[in-house]
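> Got a predicted structure plus its sequence, pasted below:
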Amino acid sequence: MNRKRKNIAGVILAAGASSRMGFPKPLLRIGKYTFAGLIKKKLNEAGIKNIFLVLGARADYIEQNLNTAGLNIIINNSWEKGQLSSLKKAVKNIASEIDAVIMCLIDHPQVSIKTIEKLIETYIKTFSGQSLGGPADVVLPEYKGRGGHPVIFSRSVFDKILNAPLNKGARSVVRDRKSNVVRVKVNDKYIRQDIDTNKEYKGIEPKE
């Protein structure tokens with residue numbers, strides 16, 4: 001069980017231009033933490049130590065102004081092609097001993113540690129015979145009947161991610177009927193949070 005947790009990598013997708021925000025999202029702050037720092041902190045507290053941050057637009061500026069300690073930086077020069085292009089870039093850079101990635105979005109910084117832990121524990125349990133469906137290919141959270149982020153992708157679907165059409169995104173992997181997708185009900189509205197504008201940013205409930 002511990003080996004499975006150890007071999008899950010965190011991937012934070014933060015390559016977008018943040019055009020509607022007008023400022024790079026990784027550097028936005030909630031209390032004393034940047035968005036990137038807060039997500040990293042939560043992943044660390046959930047037992048995830050190997051964390052990749054995918055940057056694209058204004059990557060140099062972000063690296064110069066962000067505490068990158070404990071983060072493996074990946075640059076996606078094709079960031080304009082969308083979120084999936086960043087996930088593909090991360091998957092290509094992940095070591096062979098990694099069993100799965102938990103994909104986090106930079107504009108979902110308030111997802112609770114409890115939610116992250118529940119997703120990880122669910123994923124691990126599917127490998128222990130405690131799940132009738134067998135090992136999970138994908139584990140995602142669900143709040144009030146709707147899915148959200150972060151999402152765990154097992155190595156079993158890495159090839160599907162790499163071959164997925166960019167215009168369909170990672171949803172095509174989740175919706176693949178051949179994949180064992182496990183949905184986890186959580187009481188966490190932040191799995192569907194999108195902080196794209198200054199108005200949304202100013203409306204954040206500062207809990208950190």
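Okay, I see it.
> How far does the longest helix seen in the chain sit from its chain's centre?
For the chain, the longest helix by residue count, based on DSSP state H, is helix 113-125. With Cα atoms, centre = their mean, to the nearest Å as the basis, helix 113-125 stands 13 Å off its chain's centre.
> cool, stretch 170-190 as well?
Here stretch 170-190 is found 13 Å from its chain centre; the criterion is Cα atoms, centre = their mean.
> Verify the stated contact: residue 138 with residue 178.
No - using Cβ atoms under 8 Å, residue 138 is not in contact with residue 178, being 11.2 Å away. (Each C-beta comes from the backbone N, C-alpha and C, glycine too.)
> For the closest residue to residue 110 other than its chain neighbours, give me its contacts.
Excluding the flanking residues, the one nearest residue 110 by Cβ to Cβ, 6 or more residues apart in numbering is residue 190, at 4.2 Å. Neighbouring residues of residue 190 by Cβ atoms under 8 Å, 6 or more residues apart in numbering: 108, 110, 111, 112, 115.
> For residue 54, see how far away the residue lying closest to residue 136 once chain neighbours are set aside is.
Leaving aside its sequence neighbours, residue 136 sits nearest to residue 126 (Cβ to Cβ, 6+ apart; 4.1 Å). Between residue 126 and residue 54 the distance is 26 Å, computed by Cβ to Cβ, to the nearest Å.
> go on, residue 63?
Remark: distance between residue 63 and residue 54 (Cβ to Cβ) = 12 Å.
> helix or strand right after the lowest-mean-pLDDT helix or strand in the chain?
Ranked by mean pLDDT, DSSP states H and E, the helix or strand of the chain with the weakest confidence is helix 2-6, at a mean of 65. Next helix or strand after helix 2-6 toward the C-terminus (DSSP states H and E): strand 8-14.
> Now do that next one: everything it contacts.
25-26, 35-36, 39-40, 43, 48, 50-56, 62, 71, 83, 86-87, 90, 94, 98-106, 120, 123, 152.
> can you tell me which of those residues are in strands?
Of the contacts of strand 8-14, the ones assigned to strands by DSSP state E are 51, 52, 53, 54, 55, 100, 101, 102, 103, 104, 105, 152.
> With adjacent residues omitted, what lies nearest to the first one?
In other words, residue 51. residue 10 (3.9 Å).
> tell me which residues in stretch 107-114 are buried?
Within stretch 107-114, the residues scored as buried using 16 or more other Cβ atoms under 10 Å are 107, 108, 109, 110, 111, 112.
> any idea how far the fourth one lies from residue 79?
Right, residue 110. 24 Å.
> can you check residue 55 too?
8 Å.
> what's the overlap in contacts for the two?
Common neighbours of residue 55 and residue 79, using Cβ under 8 Å, 6+ apart, are residue 15.
> okay, these two: which has more neighbours?
Set side by side, residue 55 and residue 79 show more neighbours around residue 55, with 28 against 22, by other Cβ atoms under 10 Å.
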